[in-house]
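1. from the sequence below, what's the structure:
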Amino acid sequence: MTVLVMGATGNVGSQVVAALRERGAPVRAVSRRERPWPDGVDGFVGDPNVEHGLDEALDGVDAVFMMSGYAAQTGLLQHLSTAHVVLLSASSADLGHGGNAMAAMHLGSEQAVSASALNWTFLRPCSLQSNLLQWRDQLAKGDVVRAPFGDVSPAMIDPTDIGAVAALALTTPDHEGQTYRLSGPAPLTPGEQVALLGEALGRELVNRPMTDDEAREQMGSPYGDAAVEIFRDHADLETEVQPTVERLLGRPPGALADWLARNAERF
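-> Numbering: from 1, shown residues only. Here you go, the predicted structure:
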């Protein structure tokens, strides 16, 4: 059984690769550039933003870790005849068809996969703990961190847990047709996130909230508007703690403090 992993060098995809290797599953890892891979991993250079950019990677593939919103999805679904697809979607897909750009992107990918007649599992995580890496430029300039939605407390998830759930679904039965909402162990405001980051880095960091208009401008259209709608009108999609990780993996989801301790050097 060979598993194709899109985004294999990213925050989530790299964890899928690691979890599959732990399970002894051969991996075909997609990256945009040549790079060395460990034993058990076969690299494939391709562009997921091109509709048929990954078609040639499918020879001998039995399962696919797919990321929503990429043009290559169309070609993959056309060329796969029998395979299990685990799709990384997002909690916003729960909004359905309501004009939200983020929800529409993820839901559209889900619908394309479900219409393909392949076996599938959808993963709908809330915000990732690795999203804090977007503060690196601010940290390089000083100790002030500006973040949006200061009064909302996302239950951010460790990408390692997403990778472990994905690998479980890709290599064991009884996950076909399942949609898994995923979260971390506790809701944390941006101020609490910044405080934990400061502890990990040994720095006195200060959080100064952005306004919603500043958040819209920073994220750009249409996704800035979509994020404001989610965090203001549907905050439960981000803040609700889900039991899924513990139920599937038999352990609690990873805490933000632990992720920061392991990744402090990346900041």
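
2. now do the contacts for the residue in the chain sticking out farthest from the centre.
-> What lies farthest from the middle of the chain is E204; by CA atoms, centre = their mean that is 29.1 Å. If you count contacts by CB atoms under 8 Å, 6 or more residues apart in numbering, E204 has them with D143, G198. The C-beta positions use only the backbone N, C-alpha and C, and glycine is treated the same way.

3. what does L123 give?
-> Going by CB under 8 Å, 6+ apart, L123 touches V86, L87, L88, S89, I162, V165, A166, A169, Y180, L182.

4. wait, a strand at it?
-> Yes. Judged by DSSP: H, G, I helix; E, B strand; the rest coil, L123 forms part of a strand.

5. re the thing from before, got the phi/psi numbers for the residue farthest from the centre of the chain?
-> Dihedral pair for E204: phi -90, psi 90, per degrees, to the nearest 10.

6. what separates it from D143, distance-wise?
-> Using CB to CB, to the nearest Å, E204 is found at 6 Å from D143.

7. repeat for E34
-> Counting by CB to CB, the gap from E34 to D143 is 38 Å.

8. looking at these two, which is more packed in?
-> A direct count of neighbours by other CB atoms under 10 Å for E34 and D143 places D143 higher, at 13 against 8.

9. the more buried one and L205 touch, don't they?
-> Yes. Contact criterion CB atoms under 8 Å: D143 and L205 qualify, at 5.1 Å.

10. what residues do the two have in common as contacts?
-> Here D143 and L205 have no joint contacts, going by CB under 8 Å, 6+ apart.
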